[in-house]
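A.B. asks: Fold the following.
(chains A and B)
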2 protein chains.
Amino acid sequence: MVNGLKSYGSTELLNELKGKNPFFICVIATTATAQIPNITGAGATPELMEYTPAGDVELIVRGELLCCDIPPQTIINGASAPTPAMITKAVLELTNIPYLIVNAGSKIKPDVPYLLVNDVAGGNIKTGKAVENPEKIFEDSKLIAKELSKTRDYLVIGESIPAGTTTALGVLTALGYDADFKVSGSTPENPHNLKKQTVLEGIANSKIAIGNVDPFKSVEAVGDPMIPSVAGLVIGSDIPVILAGGTQMAAVCSFIKAVEPDFDFSKICLGTTTFVASDESADLFNIVSQINDIAIHVIDPAFEKSGHVGLKNYLKGFVKEGVGAGGAMLTGLLLGYSIDEIREKIVEVCEK
Amino acid sequence: MVNGLKSYGSTELLNELKGKNPFFICVIATTATAQIPNITGAGATPELMEYTPAGDVELIVRGELLCCDIPPQTIINGASAPTPAMITKAVLELTNIPYLIVNAGSKIKPDVPYLLVNDVAGGNIKTGKAVENPEKIFEDSKLIAKELSKTRDYLVIGESIPAGTTTALGVLTALGYDADFKVSGSTPENPHNLKKQTVLEGIANSKIAIGNVDPFKSVEAVGDPMIPSVAGLVIGSDIPVILAGGTQMAAVCSFIKAVEPDFDFSKICLGTTTFVASDESADLFNIVSQINDIAIHVIDPAFEKSGHVGLKNYLKGFVKEGVGAGGAMLTGLLLGYSIDEIREKIVEVCEK
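C.D. replies: Here you go, the predicted structure:
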């Protein structure tokens, strides 16, 4: 049992990946769903939400913001917590893991080199018209994974997409899963009713049938561009994958199962934070158990041991996951770094 | 001495790379220079020239054209030769090497996933305003190489840019090299006077001083977006690089030397075709000798042994190099494939 890690389900894959060479991918996208007031906290102000994915990857790649002036963060009653991109950045710096950014459809283009998969941001799922041509996003992402999976032992895939738990709820609901009041959220007060109402409005407007819909149609109606992209990366990969995230990655798993019913879920696992796993306003474990036998590995960076006020706000639920933070920390552990080393590096990166 | 390979200069690096794991990168770009009548043969018609890079990489990635109907090819007096993309595609299929496309500024966007470095195509160098912000293209390409060079043992970098030998002449001339009547060309009749006149007009309009100009200014005035991108990939790489091409890659080397005078050229080499090396209308060896001690490895696929009419037209000078064809074949040899196996695969791919 590694300090900082708690595993649910099989640890076989994890043992196999210990000391092996990962490639980290962060998939970014936006949907206009994030503009619904109070639906997400993934940005300093409502206007800045759609800058969050671009800002996140600019911070990772360049260590500075170019698309806007105010860093991605969650602000509640004047207190703030830094974007989980800082966690991922810290792990990437600590471990020197190779990584690339995939743009699956972000309204704001980050000023970093990225793999372009789709240039069209998603719509507001309320309209029932969320994503144009998700099948193409899926197929092109498969092509990327085919190449990158030739180079390393496993992939670690994170995401940055504001209001992504709402679009995750959209796809999970459309595909027939019971995910109401179970998806995570980026603020302490998880606006479940607003999310549910948004999804149901979208499903009604799209006229898809709950539990009896083609997976691509479900994304087209009430999903986001990240879901088919990450699913394509997973299905296109010839090597194991750590899905770095919580309930949004559960939605990706539900989509994968619908696209490829015989998919072997033992070649993938979820790596997420304790902030998701212990979130009493969500139930990642229940959602995943409805899909398949998928191992979930939970990382606790013990931010209570740090003196950093912003990171300590993670303990209050300000931020729970994102930009692959949990899976990145898991990868750090797999490469032999201790959770204390990882936390200290995160603090160092946040203080810069 | 490997059959099909002739080496000029040190073979130390080549011996070191034998059996090692490469990553292939194809950098695409366009400039409006290609619209000057008769300057290039890299396309079926003058209107189709700027579709050539996009078409080339669509053929490699998808095996079919999506950006246009007519495949990239050189047509002279009714006879045609297929794009060298088919050579590269054949080697990538044969060897299963991982690869990615870098878009450094192509007017026509290929319908494949690519690493986006720059979205602005180059202008006609006649105007003296060829490339916007080459320093950014260079720096962003360095970031890509930093990541990709963590994954493999060496990089192989090719290019597709019509009229690229004219823009190569532009940069070589601006940087003070004697390259007149020495750059290669995509047709049997190399339009040297037209190339020289085009370059001199551009230099005059840009008001740069020949032999006394910042390398980025030289590209900005009379270069193309491919040159700073490939140079950035080389300088950003922590592993050896095979520059897959002829006189255009020589221009890249001249640019590298100007940007980084202490650059260690023993960590790179050129891999090109016998069609470039034996081109009596050009002098790759002389250009390179003016820059540094850089090994040149020449591959002869012996197309005279094939029954393919289009490939046999390579022997008549219809096409000489491009899309990394020479370096790709060299990589095939380094991985243990014979030149006969490589040629047979090329024929198979062309006949599809």
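A.B. asks: Residues of the stretch 51-200 of chain A that sit close to chain B?
C.D. replies: Along the stretch 51-200 of chain A, the residues adjacent to chain B under the rule Cβ under 8 Å from any Cβ of the partner chain are A:61, A:96-100, A:103, A:112-117, A:140-141, A:143-144, A:147-148, A:150-152. Where C-beta positions appear, they are placed from N, C-alpha and C, glycine not excepted.
A.B. asks: Mind doing that once more with 6 Å?
C.D. replies: If contact is defined as Cβ under 6 Å from any Cβ of the partner chain, the residues of the stretch 51-200 of chain A in contact with chain B are A:P98, A:P113, A:L115, A:L116, A:V117, A:D140, A:L143, A:I144, A:E147, A:K150, A:T151, A:R152.
A.B. asks: would you say A:E58 is within a strand?
C.D. replies: No: in this structure, A:E58 is helix, not part of a strand, as judged by DSSP: H, G, I helix; E, B strand; the rest coil.
A.B. asks: I'd assumed A:L66 was in contact with it.
C.D. replies: Yes: the pair A:E58 and A:L66 qualifies as a contact (Cβ atoms under 6 Å) at a distance of 5.3 Å.
A.B. asks: okay, those two: which has more neighbours?
C.D. replies: A direct count of neighbours by other Cβ atoms under 10 Å in any protein chain shown for A:E58 and A:L66 places A:E58 higher, at 24 against 14.
A.B. asks: Count residues in the vicinity of A:G310, would you?
C.D. replies: 21.
A.B. asks: likewise A:G55?
C.D. replies: Neighbouring residues of A:G55 were enumerated by other Cβ under 10 Å; the total is 28.
A.B. asks: Contact partners for it?
C.D. replies: Under the criterion of Cβ atoms under 6 Å, 6 or more residues apart in numbering or on different chains, the neighbours of A:G55 are A:L65, A:C67, A:C68, A:P72.
A.B. asks: any chance of these in JSON lines, plus neighbour count, pLDDT and secondary structure?
C.D. replies: Supplementary listing: those in JSON lines, determined by neighbours: other Cβ atoms under 10 Å in any protein chain shown; pLDDT from 0 to 100; DSSP: H, G, I helix; E, B strand; the rest coil:
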{"residue": "A:L65", "neighbour count": "18", "pLDDT": "95", "secondary structure": "coil"}
{"residue": "A:C67", "neighbour count": "19", "pLDDT": "94", "secondary structure": "coil"}
{"residue": "A:C68", "neighbour count": "18", "pLDDT": "93", "secondary structure": "coil"}
{"residue": "A:P72", "neighbour count": "29", "pLDDT": "92", "secondary structure": "coil"}
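A.B. asks: ok, these vs chain B, which is closest?
C.D. replies: For these, the closest approach to chain B (Cβ to the nearest Cβ) belongs to A:C67, at 14.8 Å.
A.B. asks: For the closest one, which non-adjacent residue is spatially closest?
C.D. replies: For A:C67, the nearest residue in space outside its immediate sequence neighbours is A:A54; the separation is 4.3 Å by Cβ to Cβ, 6 or more residues apart in numbering or on different chains.
A.B. asks: one step back: what two of the residues of the stretch 51-200 of chain A next to chain B are the furthest from one another?
C.D. replies: Farthest pair in those (Cβ to Cβ) is A:L116 and A:R152. Separation: 21.5 Å.
A.B. asks: Show me which residues of stretch A:39-49 are buried.
C.D. replies: Taking 16 or more other Cβ atoms under 10 Å in any protein chain shown as the neighbour-count basis, stretch A:39-49 is seen to contain the buried residues A:I39, A:T40, A:G41, A:A42, A:G43, A:A44, A:P46, A:L48, A:M49.
A.B. asks: and whatever helix or strand the residue nearest to A:C67 lives in, which residues are buried?
C.D. replies: Assessed by DSSP states H and E, A:A54 sits inside helix A:52-62. Neighbour counts using 16+ other Cβ under 10 Å place A:T52, A:P53, A:A54, A:G55, A:D56, A:V57, A:E58, A:L59, A:I60, A:V61 of helix A:52-62 among the buried residues.
A.B. asks: likewise stretch A:8-21?
C.D. replies: In stretch A:8-21, counting by 16+ other Cβ under 10 Å, buried: A:Y8, A:G9, A:L13, A:L14, A:L17.
A.B. asks: out of the residues you listed, which touch chain B?
C.D. replies: Restricting the buried residues of stretch A:8-21 to those touching chain B (Cβ under 6 Å from any Cβ) yields no residues.
A.B. asks: my read: A:D111 touches A:L66, true?
C.D. replies: Yes: contact status for A:D111 versus A:L66: in contact at 4.0 Å, counting by Cβ under 6 Å.
A.B. asks: A strand includes A:I137, no?
C.D. replies: No: under three-state DSSP, A:I137 sits outside any strand and is assigned helix.
A.B. asks: so it makes contact with A:L116?
C.D. replies: No: taking Cβ under 6 Å as the contact criterion, A:I137 and A:L116 are not neighbours in contact, 11.0 Å apart.
A.B. asks: out of those two, which sits in the busier spot?
C.D. replies: For A:I137 versus A:L116, neighbours defined as other Cβ under 10 Å are more numerous around A:I137 (30 against 21).
A.B. asks: For the closest residue to that one other than its chain neighbours, give me phi and psi.
C.D. replies: With Cβ to Cβ, 6+ apart as the measure, A:P228 is the residue that lies nearest to A:I137, at 4.5 Å, once sequence neighbours are left out. The phi and psi values for A:P228, taken as degrees, to the nearest 10, are phi -70, psi -30.
A.B. asks: who's in contact with A:P228?
C.D. replies: A:P134, A:I137, A:F138, A:V219.
A.B. asks: now with 8 Å?
C.D. replies: Contacts were defined as Cβ atoms under 8 Å, 6 or more residues apart in numbering or on different chains; by that measure A:P228 touches A:A104, A:V131, A:P134, A:E135, A:I137, A:F138, A:S141, A:F216, A:V219, A:F255.
A.B. asks: out of those residues, which are inside helices?
C.D. replies: Judged by DSSP state H, helices contain the following of these: A:P134, A:E135, A:I137, A:F138, A:S141, A:F216, A:V219, A:F255.
A.B. asks: I figured the fourth one was touching A:F216, is that so?
C.D. replies: In other words, A:F138. Yes: shown here, A:F138 and A:F216 form a contact pair, counting by Cβ atoms under 8 Å, at 7.3 Å.
A.B. asks: Please enumerate the shared neighbours of these two.
C.D. replies: Shared contacts of A:F138 and A:F216, defined by Cβ under 8 Å, 6+ apart, are found at A:P228, A:V259.
A.B. asks: Quick check: which ranges of chain A have low pLDDT?
C.D. replies: By pLDDT under 70, the low-scoring segments of chain A are A:1.
A.B. asks: Would you list the phi and psi of the residue positioned nearest the centre of it?
C.D. replies: Among the residues of chain A, the smallest C-alpha distance to the mean C-alpha position (Cα atoms, centre = their mean) belongs to A:E159, namely 3.7 Å. For A:E159, the backbone dihedrals are phi -150, psi 160 (criterion: degrees, to the nearest 10).
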